[in-house]
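> Compute the structure for the input listed below.
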Amino acid sequence: MLHLRQVCLVARDLAPVEEDIAAILGLSPAFRDPAVAKWGLENAVFPVGTQFLEVVAPTAADTPAGRFMDRRGGDAGYMVILQTDDQAAYRARAAAAQVRTAFEFTDAGDGYSCWQLHPRDTGAAFLEIDQQRGDDPTGGWHPAGPEWEAHKRTDRVTGVSAVTLTAADPEALAARWQAVLDRPLVRRGDVLVLALDNAELHFAPAPTDGSGEEMTGITFRAADAGSVRATAAGRDRAGPDGAVYLCGVRLEFEQ
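Presented below is the predicted three-dimensional model:
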């Protein structure tokens, strides 16, 4: 089992991004994790169906998240968080590929094991592969808190179907992620696609010359894309291409 369970963005200021997410995507924040304070952060976690969209923002100077934004030039895509029922297998693959661990912890209370890989080894974003007791990709999820189901709002978006990672050399970037995730890569035009059980990872050419490796896009399953785009236009977040631009990331919608 390998599911896309959560996508994390990083912002200079949490409140305006949180307001845009609530207004445009129709989502409700379910949890603010006090544990992120040790990293000099605050956060908000929004259920998107049984997946999650998180935003973190620094509350102190010289934080890892702040330095990440300095390198990216502002708000940006930050983490791709997967859920598995066999974390040990992916740990073995990462070790074989010489991909380092950046951070890990286990919560004995709910049997949650967090394992975050070093972004300098994977590229583009933090890749995190977590396991939760029960191994239910639609059930309990430690980072979302104990009451997330009461905050589900699916009038506008119902899930996340893809995350886009871009690079000057997308083949090399895709190969590093594939070495850990052990899923085949399929070419779709100029994009390499790695299929998870419930979503896809897209590895695409960098949008501009000189762009580094970045998470640049999220595709949502939409119940009402028209309302999403209309609200985004009213908040100056809509692009002429039909996409929504929020927190340094391009949001697309499929029905």
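> where exactly do the strands run in this protein?
Remark: strands assigned in the chain by DSSP state E are 2-10, 41-48, 51-58, 76-84, 101-107, 112-117, 126-132, 157-167, 185-188, 191-195, 200-205, 214-222, 244-246, 249-254.
> Which secondary structure elements does the fifth one sit against?
In this case it means strand 101-107. If you count contacts as 3 or more CB pairs under 8 Å, 6 or more residues apart in numbering; DSSP states H and E, strand 101-107 packs onto strand 112-117. All C-beta atoms are positioned from the backbone trio N, CA, C, and that covers glycine.
> any residues touching the strand it packs on, and which ones?
With CB atoms under 8 Å, 6 or more residues apart in numbering as the test, strand 112-117 has contacts from 79, 87, 90-91, 94, 99-107, 126-133, 142-143, 180.
> Tabulate the strands of the chain (JSON lines), appending mean neighbour count.
JSON lines is the format used below for those (neighbours: other CB atoms under 10 Å):
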{"stretch": "strand 2-10", "mean neighbour count": "24"}
{"stretch": "strand 41-48", "mean neighbour count": "22"}
{"stretch": "strand 51-58", "mean neighbour count": "24"}
{"stretch": "strand 76-84", "mean neighbour count": "24"}
{"stretch": "strand 101-107", "mean neighbour count": "13"}
{"stretch": "strand 112-117", "mean neighbour count": "20"}
{"stretch": "strand 126-132", "mean neighbour count": "23"}
{"stretch": "strand 157-167", "mean neighbour count": "22"}
{"stretch": "strand 185-188", "mean neighbour count": "12"}
{"stretch": "strand 191-195", "mean neighbour count": "18"}
{"stretch": "strand 200-205", "mean neighbour count": "21"}
{"stretch": "strand 214-222", "mean neighbour count": "22"}
{"stretch": "strand 244-246", "mean neighbour count": "20"}
{"stretch": "strand 249-254", "mean neighbour count": "19"}
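> So for D33, which of those strands sits nearest?
Among those, the nearest to D33 by CB to CB is strand 41-48 (5.6 Å).
> ok, the closest residue in space to Q83 that isn't next to it in sequence to E213 distance?
Distance criterion CB to CB, 6 or more residues apart in numbering; nearest residue to Q83, sequence neighbours excluded, is R5 at 4.2 Å. Separation of R5 from E213 (CB to CB, to the nearest Å) stands at 22 Å.
> Then Q131?
For Q131, the distance to E213 equals 26 Å [CB to CB].
> for D197, same thing?
Distance of D197 to E213, given as CB to CB: 25 Å.
> So if I had to pick from these two, which one is more boxed in?
Comparing D197 with E213 by neighbour count (other CB atoms under 10 Å), the higher total belongs to E213, at 21 against 13.
> so what's that one up against?
Contact analysis of E213 by CB under 8 Å, 6+ apart lists G123, A124, L165, T166, A167, A168, L173, A206.
> That one and S28, how far apart?
According to CB to CB, E213 stands 32 Å off from S28.
> quick one: pLDDT of the closest residue in space to Q255 that isn't next to it in sequence?
Nearest in space to Q255, with sequence neighbours left out and distances taken as CB to CB, 6+ apart, is A222 at 5.1 Å. On pLDDT, A222 comes in at 98.
> Could you tell me which residues make contact with A222?
R156, V157, T158, V228, F253, E254, Q255.
> same thing but at 7 Å, please
Contacts were defined as CB atoms under 7 Å, 6 or more residues apart in numbering; by that measure A222 touches R156, V157, V228, F253, E254, Q255.
> same question, G140
By CB under 7 Å, 6+ apart, G140 lies in contact with D110, Q132, G134.
> so what's the second one closest to, chain neighbours aside?
Using CB to CB, 6+ apart and skipping residues adjacent in sequence, the residue nearest Q132 is Y112, 5.0 Å away.
> Show me the beta-bridge partners of the nearest residue to L127 once chain neighbours are set aside.
Using CB to CB, 6+ apart and skipping residues adjacent in sequence, the residue nearest L127 is L117, 4.7 Å away. L117 has the following beta-bridge partners by DSSP bridges: T101.
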